[in-house]
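Engineer: Give me coordinates for this.
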Amino acid sequence: MYKDKDDLFPEDWVNVALTVQQYQPTFAIKEFFCIKDSAIIVGTYLTPLSDKQTIAMQLSDLALIYHNKYKKYDDFTLKCVEKSLKHMKKNPNALVIKGKSLTAILQTHLNQNGYKKDAYTDKIDTMRKKCWEALESTHWTKETPELREKWKPSYTTVNEIKKSTQYIKK
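Structural biologist: Numbering: from 1, shown residues only. Here you go, the predicted structure:
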């Protein structure tokens, strides 16, 4: 996203999708991804990122890719997202992965200690609660089966996008 300083667009900020070389209006992004105004106001979505925040997003992506490859959440996924959240606190993906990582770590501990409550389980429970509270404060859009179906591109949709693409002149 960049600031529209020369007033070429009706919105203050313009989202430039470099991979497809087109401009995407904010209203279309909000509608398609069901993004609430409150999520934009608090900085969760449609906010320009600093270099550190960009790297932070990549760290949370790394944690997700690790989970997808090894089919587990663990200390590594937790470490990735904790580093990510230091520089980008309103990252819903990182917060979800953190919550799932803490749950996995708690489950491992309970398996080892015979499912007994102790100071460590209390500490992890507190961390999980704070994590889910932080997630709620992002006003994130939770993925549902209905949204997943809406987001599944159809052949017609892809062709419509190709026809209406505005290419950026270099």
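Engineer: Just the buried positions in the helix ranked longest in the chain, please.
Structural biologist: Counting by DSSP state H, the longest helix found in the chain is helix 92-113. Within helix 92-113, the residues scored as buried using 16 or more other Cβ atoms under 10 Å are 92-102, 104-106, 110. Where you see a C-beta, it was placed from the backbone N, CA and C, and this is true even at glycine.
Engineer: which ones are touching the residue nearest to Leu46 when sequence neighbours are not counted?
Structural biologist: Leaving aside its sequence neighbours, Leu46 sits nearest to Ile40 (Cβ to Cβ, 6 or more residues apart in numbering; 5.1 Å). Shown in contact with Ile40 (Cβ atoms under 8 Å, 6 or more residues apart in numbering): 30, 46-47.
Engineer: Could I get the full set of helices for the chain?
Structural biologist: Counting by DSSP H, the helices of the chain are 26-33, 37-41, 51-70, 75-87, 92-113, 119-137, 145-151, 155-164.
Engineer: list the helices and strands the third one packs on?
Structural biologist: Helix 51-70 sits against helix 75-87, helix 92-113, with contacts defined as 3 or more Cβ pairs under 8 Å, 6 or more residues apart in numbering; DSSP states H and E.
Engineer: which ones are touching the closest residue to Ala104 other than its chain neighbours?
Structural biologist: In space, and not counting its chain neighbours, Ala104 is closest to Tyr73: 4.0 Å by Cβ to Cβ, 6+ apart. Neighbouring residues of Tyr73 by Cβ under 8 Å, 6+ apart: 67, 97, 100-101, 103-105.
Engineer: and of the residues you listed, the nearest to Ala56?
Structural biologist: Ile97 (12.5 Å; Cβ to Cβ).
Engineer: Distance check, the residue of the chain positioned farthest from its centre against His87.
Structural biologist: Here the chain reaches farthest from its C-alpha mean at Gly114, the gap being 35.1 Å by Cα atoms, centre = their mean. Gly114 is 39 Å from His87, where distance means Cβ to Cβ, to the nearest Å.
Engineer: How about Asp74?
Structural biologist: Counting by Cβ to Cβ - Asp74 and His87 are separated by 22 Å.
Engineer: How about Lys36?
Structural biologist: Counting by Cβ to Cβ, the gap from Lys36 to His87 is 23 Å.
Engineer: So between the two, which is more surrounded?
Structural biologist: A direct count of neighbours by other Cβ atoms under 10 Å for Lys36 and His87 places His87 higher, at 17 against 14.
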